[in-house]
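Engineer: sequence and predicted structure are below.
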Amino acid sequence: MIAYFTSSGDPRVDAMFSPYIWGPSGLGTLLEPLRHKPYGDDLILLLIQFYVEGQFSYFYFPSQFKVKNYSTKNKDIAVVIPVTRSVSHEASEEQRREFVLRSTLDAISAVRARLEKRKVNVDFDRLVKDVEEIGKVYLASRRA
């Protein structure tokens, strides 16, 4: 159900941020068991796209959190999340973990609000509960 994408344009920044998603104790790794868990018929993929601010000015960096359009054909939606230097460079490990988890929960909430009028068949309450439970383990983990 939830998948992640990260992009920074800066290999050092990418190496610093990516383990919080895909490392052995990364949130994406811990959420993997939920990937194919059914939460309803109308949403197969919620893609969370982290754009991490790096040192290169030519790299695309979004100015704000944005929910993209829902695809009824593919039953997917994406959320763009900018990650500023204050989070990626200056924050502690604990603050980065909290940011990734909070951003994931905010993305779910934003998608829920965006799709509310469409009357989609998605159990957002159960999804949030599952992510919060795994989030407790994630916040207690150490970066590997």
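Structural biologist: On my side now, so go ahead.
Engineer: so what touches the helix or strand bottoming out on mean pLDDT in the chain?
Structural biologist: The weakest-scoring helix or strand in the chain, judged by mean pLDDT, DSSP states H and E, is helix 85-88 (a mean of 82). Under the criterion C-beta atoms under 8 Å, 6 or more residues apart in numbering, residues 8, 13, 16, 17, 52, 53, 95, 96, 99 lie in contact with helix 85-88. In short, each C-beta sits where N, CA and C put it, glycine included.
Engineer: list the buried residues of the lengthiest helix in the chain.
Structural biologist: As assigned by DSSP state H, the longest helix anywhere in the chain is helix 93-115. Across helix 93-115, burial judged by 16 or more other C-beta atoms under 10 Å covers 96-101, 103-104, 107-108, 110-112, 114-115.
Engineer: which among those residues gets closest to residue 27?
Structural biologist: residue 100 (5.3 Å; C-beta to C-beta).
Engineer: from what I see, the closest one and residue 21 are in contact.
Structural biologist: Yes: using C-beta atoms under 8 Å, residue 100 is in contact with residue 21, at 6.8 Å.
Engineer: leaving out the residues flanking it, which one is nearest to residue 75?
Structural biologist: Among residues not flanking residue 75 along the chain, residue 44 sits closest, at 4.3 Å (C-beta to C-beta, 6 or more residues apart in numbering).
Engineer: who are the contact partners of that neighbour?
Structural biologist: Applying C-beta under 8 Å, 6+ apart to residue 44 gives the contacts 1, 74, 75, 76.
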